[in-house]
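> 3D, please:
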Amino acid sequence: MKKGFSPATKADKFLEQYADGKRDFQGINLKEVHLKEAKLPGINLKGANIQLSLLFDVDLEQANLEGVNLKKTNLTKVDLTDTDLRGANLQGAALMQVKLCGANLQGANLRKASFIRIKCLNTANLEDADFQGADLTCTNFDKANLQKVNFRQAYLGGSRLIGTDLSKAQIEDTDFTEAFYNETTRFPEGFDPVDARMYLIAPKVNLSGANLEDTSLFELDLSHADLTKAKLSEATFEKSNLQGANLEGAELVGTELSGANLQGINLRKADLRGVRNLSMANLLKADLQGANLEESDLEKANLQEVNLRQANLKTARLFEADLSKAEIERTLFENAFYNEKTLFPEGFDPVSAGMYFIAPGVNLLKATLVQALLFEVDLSGADLREAQLVEADLTKANLQEANLQGADMTGTQLTETNLKNADLTGADLSFADLSSAIILDAKFENASYNGFTQFPEGFNPRSAKMRWIEVGAL
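Predicted coordinates for the structure are as follows:
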């Protein structure tokens, strides 16, 4: 036993004492403790031993953790907002989705610790913090004061260093590969960010062919930048300025563009499959000729004066979108969705283009709706017999009294979906998620399910005369 610590306290006894009103646990030995979903705001754990422990979804907001021993502890979804961690030992600790807003890490030992999707580390007090050998992949240090911080041998690949002060930081053998900086970022004298393979973020910058997949590029100014053929899939450009930027041939599969300024942007032949939240983006006079927008969400998007010639909008979500003045020569709209508020150029026939009209009571008999984005739609009373709804997203959709007889709903997402009085006779619900669906008086006779089908609590599929099938059975 380490000198100075009493025998380890068990988790249940510790939590019981906290529940009884005790808050001062200074110097307590919680070595190898497992704490899950514990609410411990304001607790005093100064000098406590919590090494080799597992903390999951624990609230330690405004706690006193000064000098605490968290060596090699796993902290996942832990809230350390405004927490005092001065002189704490987190050597080799693993921090995932931890909130450090306003935390005090002055003089903390963070050597060889790993940081994944950390929130607000840039707002923490990091004076004299020791990150030697730490993994800080994709960490946000925007506008942080990192003077006197030890980053020797640390990995900061993909991190944000916008407006950050590193002028007196220790960065010998630090890896900054593909980290982001701007003209206000300060480095130690003699350091060359270009030689360190970092990316400059600024208007008119050349990032042609750059690999920026799954990076956080929100609220940045990349106006008129050259991003031709750049790899931007799963990246976040929320509220960023991309006005006039050239993204011809770029890969943007699943990219977040909510609130981005895309005015005059060149997206010719870009791959935008599955892009969400373009409704909040400014697309005025954007060039999307030949772009792939398959399965993208363009609900309420203003597409006037947008060049969509030869673009692929198959299975795209176009509810309330305004295409009245868009250029749509040879544009593919097969299996895309529209409603009565969608505006098209004069003379355009969405039915002839193979689009699906979404409204209550609509006829979608044998429709191909595989992986369709039909969340929050109103299809009450619709005819969906034998429709192909494999892996479709029907979250919060209204399917009350809809006819889904014989529909293939394998892997369909039905979270909070209204299925009151719906007829699912003979439907295939293998792998489907109905765990929070409203199924009052719905018919399930002869519908199939398997061990991965999720039902609402208390629902008995056998009583509903459903048919069990083995995984992989024909």
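> Give me the distance from stretch 296-309 to the chain's centre.
Counting by CA atoms, centre = their mean, to the nearest Å, stretch 296-309 is centred 23 Å from the centre of its parent chain.
> Buried residues in it, which are they?
Within stretch 296-309, the residues that count as buried by 16 or more other CB atoms under 10 Å are S296, D297, L298, E299, K300, A301, N302, L303, V306, N307, L308, R309. Where you see a C-beta, it was placed from the backbone N, CA and C, and this is true even at glycine.
> nearest to N246, of those?
Nearest to N246 among the buried residues of stretch 296-309, counting by CB to CB, is N307 at 14.1 Å.
> Correct me if wrong: the closest one contacts L288.
Yes - counting by CB atoms under 8 Å, N307 touches L288, with 6.0 Å between them.
> Would you state the strands of the stretch 301-450 of the chain in chain order?
Using DSSP state E, counting those that start in this stretch, the strands of the stretch 301-450 of the chain run over 337-338, 356-357, 448-449.
> I should have written the stretch 51-200 of the chain there, sorry.
Under DSSP E, counting those that start in this stretch, the stretch 51-200 of the chain gives strands at 54-56, 74-76, 94-96, 114-116, 160-161, 180-181, 199-200.
> Could you spell out the sheet neighbours of the second one, each with its direction?
Yep, that's strand 74-76 we're talking about. strand 54-56 (parallel), strand 94-96 (parallel) (DSSP bridges).
> Mind putting those strands into JSON lines with distance to F357?
Shown next, in JSON lines, are these (distance: least, CB to CB, whole Å):
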{"stretch": "strand 54-56", "distance to F357": "47"}
{"stretch": "strand 94-96", "distance to F357": "45"}
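> Identify whichever of these lies nearest to L85.
Taking the strands paired with strand 74-76 one by one with CB to CB, strand 94-96 is closest: 11.3 Å.
> Buried residues in that closest one, which are they?
So, applying 16+ other CB under 10 Å, buried residues of strand 94-96: A94, L95.
> pretty sure N302 contacts A281?
No - taking contacts as CB under 8 Å, N302 lies outside contact range of A281: 9.1 Å.
> Burial-wise, tell me which of the strands of the stretch 301-450 of the chain comes out on top.
Stretch with highest mean neighbour count among the strands of the stretch 301-450 of the chain: strand 337-338 (a mean of 24; mean count of other CB atoms under 10 Å).
> Name the SS class of K269, please.
State at K269, reduced to three classes by DSSP: H, G, I helix; E, B strand; the rest coil: coil.
> Which of the three states applies to the nearest residue to it once chain neighbours are set aside?
Leaving aside its sequence neighbours, K269 sits nearest to G290 (CB to CB, 6 or more residues apart in numbering; 4.3 Å). Three-state secondary structure (criterion: three-state DSSP) places G290 in coil.
> How many neighbouring residues does G290 have?
Using other CB atoms under 10 Å, G290 has 19 neighbouring residues.
> Test my guess that it contacts N307.
No - at 9.5 Å, G290 does not count as touching N307 under the criterion of CB under 8 Å.
> Just the pLDDT at E248, thanks.
Here, the pLDDT recorded for E248 equals 97.
> Is it in contact with K229, as I believe?
Yes - the pair E248 / K229 is scored as a contact, 7.4 Å apart, by CB under 8 Å.
> Pick out whichever of these two has more residues nearby.
Between E248 and K229, counting by other CB under 10 Å, E248 is the more crowded of the two (21 against 16).
> How much space separates the more buried one from L55?
Going from E248 to L55 by CB to CB, to the nearest Å gives 47 Å.
> got it, and E340?
52 Å.
> next one: G21
22 Å.
> For D130, state which of the buried residues of stretch 296-309 is nearest.
Nearest to D130 among those is D297, at 44.4 Å by CB to CB.
> Low-confidence ranges, this protein, go.
1-6, 472-474 (pLDDT under 70).
> go again using 50 as the cut-off
1-3, 474 (pLDDT under 50).
> contacting residues around K325?
Q304, E305, P345 (CB atoms under 8 Å, 6 or more residues apart in numbering).
> can we see that at 6 Å?
Going by CB atoms under 6 Å, 6 or more residues apart in numbering, K325 touches Q304, E305.
> now do T228
S208, N246, E248, G249.
> Now do the SS call for it.
Classified using three-state DSSP, T228 is coil.
> Contact partners for L70?
Neighbours of L70 in contact, by CB under 6 Å, 6+ apart: I50, L90, A93.
> tell me the contacts of the first one?
In this case it means I50. I50 is in contact with L30, L70, T73, counting by CB under 6 Å, 6+ apart.
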